[in-house]
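Enquirer: Okay, structure incoming, though there's no sequence with it:
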């Protein structure tokens with residue numbers, strides 16, 4: 001017997017929303033807006049429910065891809081609307097500055113380490129080339145290692 005697709009989709013959203021919210025709150029730049037970003041992600045997911053994969057892990061990946069797209073759109077609109085850099089956003093500790101990664105590398109590390117996706121799955125979520133993704137992840141890890149070592153000896 002086939003399950004109701006609407007109930008199945010709502011179950012996915014219910015099951016994944018806590019994990020997605022934690023994923024969004026982990027970003028200091030949007031921490032205060034995380035519930036709003038989650039709501040937009042769930043709305044976009046609902047609008048594109050016809051694209052929902054059938055495999056459970058692919059479904060989770062798909063939902064995180066929708067969230068990544070919502071974040072990217074939000075960051076683009078924020079950059080367009082900002083006439084100058086906010087000094088409070090540029091201040092930070094020496095460690096945080098030393099550990100700064102390129103945005104794509106940061107998202108890659110978060111998806112692999114915090115969300116437990118594989119390197120290939122994270123590449124798919126971020127729309128990155130899966131062939132070079134392993135090198136990008138290795139470079140990000142090496143950058144983090146060097147930053148921690150140099151900060152520890154500073």
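Expert: Looks like it arrived, so ask away. Source: prediction; values computed, not measured.
Enquirer: Walking through the chain, point out its helices one by one.
Expert: Remark: helices assigned in the chain by DSSP state H are 5-25, 34-47, 56-81, 87-90, 94-98, 103-109, 119-126, 130-153.
Enquirer: okay, now the domains of this structure?
Expert: As assigned by automatic domain parsing, the chain contains the domains 1-86, 93-154.
Enquirer: Kindly reformat those domains as CSV and extend each row with mean neighbour count and mean pLDDT.
Expert: For glycine as for every other residue, the C-beta is placed from the backbone atoms N, C-alpha and C. Putting the domains of the chain into CSV (neighbours: other Cβ atoms under 10 Å; pLDDT from 0 to 100) gives the following:
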stretch, mean neighbour count, mean pLDDT
domain 1-86, 14, 83
domain 93-154, 15, 81
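Enquirer: From residue 22, how far out is residue 108?
Expert: From residue 108 across to residue 22, the span is 18 Å (Cβ to Cβ, to the nearest Å).
Enquirer: gap between stretch 5-21 and the chain center?
Expert: When distances are taken as Cα atoms, centre = their mean, to the nearest Å, stretch 5-21 is centred 17 Å away from the chain's centroid.
Enquirer: contacting residues around that stretch?
Expert: If you take Cβ atoms under 8 Å, 6 or more residues apart in numbering as the criterion, stretch 5-21 is touched by 34-35, 38, 41-42, 45-46, 49, 52, 59-60, 63-64, 67, 115.
Enquirer: and of those, the nearest to residue 75?
Expert: Nearest to residue 75, judged by Cβ to Cβ, of those is residue 67 at 12.5 Å.
Enquirer: didn't the closest one look like it was pressed against residue 37?
Expert: Yes - Residue 67 is within contact range of residue 37, at 7.5 Å (criterion: Cβ atoms under 8 Å).
Enquirer: where do the contact lists of the two overlap?
Expert: Shared contacts of residue 67 and residue 37, defined by Cβ under 8 Å, 6+ apart, comprise residue 24.
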